[in-house]
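> Pasting the sequence and the predicted model now:
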Amino acid sequence: MIVQIVLVAAALAALVYFVRSGQNVGIRASKRLAFGLFVLVNIYAVLRPEDVTAFARMVGVGRGTDLIVYLLVVAFVFGMLNTYLRDREISQHLTNLARQIAIRDAELARREEELTELLRRHEAADAPRTAESGSNGTHPAREHERSS
């Protein structure tokens, strides 16, 4: 009896944590329903183990415990596959982001080089005019600033 209380409390705590978790916004409704159904079946199996055994015999498994272990193996495989697929998707997103950042950085570097070259050309074009504008190679406006 005490084990049943502990197991039901643990299942309910997992359900409450899952529902209240701030990270569950991205979880699909089908996964939420599946988890809720899993918790309800878990609670039912804990409270009525003889029904699980009867159902196990009906589907060709000797004991209810064996059926639960088989179902947990399937659930574990599903969870691992889901984790693998999500990890692969995240990896693909990271690769795409890194590619976009590299392209953007290369474009920015190219534009910076073009601007630097334009400034060099502009300064080179202004250099002869500056030399011609003043007798000592300074700009007339600069000479006025120095004299005041």
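Here it is on my side, so go on. Numbering: from 1, shown residues only.
> from here on, contacts and neighbour counts on C-alpha atoms
OK.
> roughly how far apart are the most centrally placed residue in the chain and residue 59?
With distances taken as Cα atoms, centre = their mean, residue 90 lies nearest the centre of the chain, 6.0 Å away. Residue 90 sits 39 Å away from residue 59 when distances are taken as Cα to Cα, to the nearest Å.
> what does residue 15 give?
Applying Cα to Cα to residue 15 and residue 59 gives a distance of 28 Å.
> So for those two, which sits in the more crowded spot?
Of the pair residue 15 and residue 59, residue 15 is the one with more neighbours under other Cα atoms under 10 Å, namely 18 against 10.
> Helix or strand next in line after the strand or helix carrying residue 37, which one?
Assessed by DSSP states H and E, residue 37 sits inside helix 29-47. Using DSSP H and E, the helix or strand that follows helix 29-47 in sequence is helix 49-58.
> picking up where we left off before, sticking with the residue nearest to the centre of the chain, tell me its helix or strand.
Element membership for residue 90 (DSSP H and E) is helix 64-133.
> Next, the angle from that helix to helix 29-47.
Using axes from the mean of the first three to the mean of the last three Cα atoms, to 10 degrees, the direction of helix 64-133 lies 150 degrees away from that of helix 29-47.
> Helix 64-133 packs against which elements?
On a contact count with 3 or more Cα pairs under 8 Å, 6 or more residues apart in numbering; DSSP states H and E, helix 64-133 meets helix 49-58.
> and the residue nearest to residue 55 when sequence neighbours are not counted, what pLDDT?
Nearest-residue entry for residue 55: residue 64, 7.3 Å, with adjacent residues in sequence omitted and distances by Cα to Cα, 6 or more residues apart in numbering. Residue 64 carries a pLDDT value of 91.
> related to what we said a few turns ago, the inter-axis angle of the helix holding residue 90 versus helix 49-58?
Interaxial angle, helix 64-133 versus helix 49-58 (the same axes, to 10 degrees): 90 degrees.
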